[in-house]
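With the sequence up front, the predicted model follows.
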Amino acid sequence: RSPTTTSKPQPWQKGKPTHLSNSKKMPLPSCVQLVFLISMVASVGTILFSTSRLNANSNYQPTQSLAVPPTQESLNLERSKTAVLILFGVPKHFRLVFTSYMKYIVQRNPRMKFEVSMHMCSDLHLTTYENERSNEKNAMLDSPDVIQTILDEVGGDQITSHLTTSSQKLFMDPNLSWIQQSDVSFFKDGSYSFRTVLNQFRQGTSLREAFFSYQEQNINWNDNHHVYVFARSDTFLISPVDIPSEIGGADAIVPSWHGWSGYNDRFAVAGPDAAKVYATKVDGYKEAILACRSNPEAEPLFTNAETLLKMWLLGNKLNVIEHEDDWAWALLRLRADGRIEARDSEEFKIENVTLVEHLPYYLE
């Protein structure tokens, strides 16, 4: 039975006649256009500015809207840019995951050169995998050799990939010995356990390793020509990602769904300066938790990982923009036992999609 949505079954629709790549609510017009409009009709300029969903402290004004066809000048600029796909976390059903990224990110932006930098633990596949928060039990994971083969086979000659690994026991867990059971009380949404907090830091450490491993291998470049795309290695993309032809160094774009009063932490497109901040978010998480310990009487400023991310990004003066299409960059979390996270299918109004075996439909 083919998966369906509440409307004509398109991979990027959510029961509404809104095509994500043609959204009319994407980032603001160019600085030159905005200045011209303000100089001609002040009231129109005010309206344009007020309708944006940028953070109040942000001054992000991209020089080209994603919805506007690229000019020849922007095409020439794109050809000189490299987009780096940073993959992190625990790979699950990775052939499906990476194929979706190739289709909706790499092939969607053919004028950009793509590279992949990925991190995973070298030893998780040696025993059965369990995750109490997602109810995964007795599951088996792929080895680094299998993941490298998938990167090579699926990526082909379209993309250069680099996989780095580290032992969870020797590298990641000792760095988390500072976390205490009492720290769970700072997360006020009520669904966090001690293991959940640990997993948040493991995932963040994996992200940091993937990013800085790439940086270390490319020390003699001009990073101004790079844009970074952060994505988990266990999420399946079902909607296109149109990377802006121009994105500022301190700019970061995130999905607007599942923000939970903060910022969605599963996907981001960032300029080089913003990417360095995003890649070190676990440092900010640690600072926030230690601050709560030092002042236990104060009410924590965060409730979950999403609000921690928002605190860290804005605290570092980044220009953060939430994608103004509510269902853009739709992702489904894949579970190691073959399930698709039900809350994600519900969020995007997708019917008949409960198992990974249903996903090849979206790759046709």
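Arrived safely, thanks for sending.

Do you know the pLDDT at H162?
pLDDT for H162: 97.

can you pull the contacts of it?
With contact set as Cβ atoms under 8 Å, 6 or more residues apart in numbering, H162 has these partners: E115, V116, S117, M118, S213, Y214, Q217. Every C-beta, even on glycine, is put in place using the N, C-alpha and C of the backbone.

Check the secondary structure at the residue nearest to the second one when sequence neighbours are not counted for me.
In this case it means V116. If the residues on either side of it in the chain are set aside, V116 comes closest to S161, at 3.9 Å by Cβ to Cβ, 6 or more residues apart in numbering. Taking DSSP: H, G, I helix; E, B strand; the rest coil as the rule, one finds S161 in the strand state.

pretty sure S161 contacts H119?
No - judged on Cβ atoms under 8 Å, S161 makes no contact with H119 at a distance of 12.0 Å.

More neighbours: which of these two?
H119 (25 against 19; other Cβ atoms under 10 Å).

Please confirm that the more buried one is located within a helix.
No - assignment of H119 by three-state DSSP gives strand, placing it outside any helix.

so what's it up against?
Contacts of H119 by Cβ under 8 Å, 6+ apart are L87, F88, L163, T164, T165, S166, S206, L207, E209, A210, S213.

how near is E132 to N175?
21 Å (Cβ to Cβ, to the nearest Å).

what about S233, neighbour count?
23.

Just to check, it is in contact with V90?
Yes - using Cβ under 8 Å, S233 is in contact with V90, at 6.9 Å.

which residues do the two both contact?
Common neighbours of S233 and V90 (criterion: Cβ under 8 Å, 6+ apart): M120.

surely H323 meets A252?
No - H323 is beyond contact range of A252, at 11.1 Å (criterion: Cβ under 8 Å).

Please confirm that V227 is located within a helix.
No - under three-state DSSP, V227 falls outside any helix and is assigned strand.

Tell me which residues touch it, please.
K81, T82, A83, V84, M112, I243, P244, I247, V269, A270, G271, P272 are the contacts of V227 under Cβ under 8 Å, 6+ apart.

Among the residues you listed, which are located in strands?
Of the positions in the contacts of V227, T82, A83, V84, V269, A270 sit in strands, assigned by DSSP state E.

Dump those to CSV, plus distance to H225 and neighbour count.
CSV is the format used below for the ones in strands among the contacts of V227 (distance: Cβ to Cβ, whole Å; neighbours: other Cβ atoms under 10 Å):
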residue, distance to H225, neighbour count
T82, 6, 16
A83, 10, 21
V84, 11, 25
V269, 15, 27
A270, 14, 29
